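Q: Build the 3D model from these lines:
(one chain, ligands or ions: 1)
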Amino acid sequence: MEAAHRPDELLSVGEMSHRTGVAVSALHYYERLGLIASLRTSGNQRRYPRHMLRRVALISVAKRLGIPLENVKEAFESVPLSSTPTHEDWQRASRRWKKVLEQRRQGIERLEQELTGCIGCGCLSMKACSLLNPDDQLGDTGSGARRIPV
Ligand code: FES
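A: Numbers count the residues shown, from 1 in each chain. Next comes the predicted model:
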């Protein structure tokens, strides 16, 4: 059983990694991105305030949802690195990410509809296949052969 932790406790990068399950290299990366922050000891070693655990937990959730770190950064903009994120901070981040997931869901639905339009005949026609040329978008760029955007 773990001992109770003081709120002002500072954690080494190894302890952060152990408690969050996030690799040390990833923690360093998150720090370079400004998603988390550490203090330095006199020996120049990183020490993380305990509330950084919650930030890393949220980053991990975002990663699991496929939310880009750029969106995580936006969500963290209103949460100072020096303070513990509140319930409201998390609620705000959650609302933003729900919008991102909703946009993604709508994109998948559009792809499903285009897949329905494609009869899977193998023609790969730039004119007829709705997967290759949704809404005849390439028609706007002129006629003739062209490179398929990837
Ligand atoms: S491959 Fe023929 S319509 Fe899509």
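
Q: Just the buried residues of the helix ranked longest in the chain, please?
A: As assigned by DSSP state H, the longest helix anywhere in the chain is helix 87-117. Residues 89-90, 93, 97, 100, 114 are the ones in helix 87-117 that count as buried (16 or more other CB atoms under 10 Å). All C-beta spots, glycine's among them, are computed from the backbone N, C-alpha and C.

Q: other SSEs contacting that helix?
A: With contacts taken as 3 or more CB pairs under 8 Å, 6 or more residues apart in numbering; DSSP states H and E, helix 87-117 sits against helix 52-65, helix 69-76.

Q: hang on, the earlier thing: please list which of the buried residues of helix 87-117 are also close to the ligand.
A: Residues of the buried residues of helix 87-117 in contact with the ligand (CB under 6 Å from any ligand atom): none.

Q: For the longest helix of the chain, what does the pLDDT average out to?
A: On average, the pLDDT along helix 87-117 is 86.

Q: And that helix, how far out from the chain middle?
A: 13 Å (CA atoms, centre = their mean, to the nearest Å).
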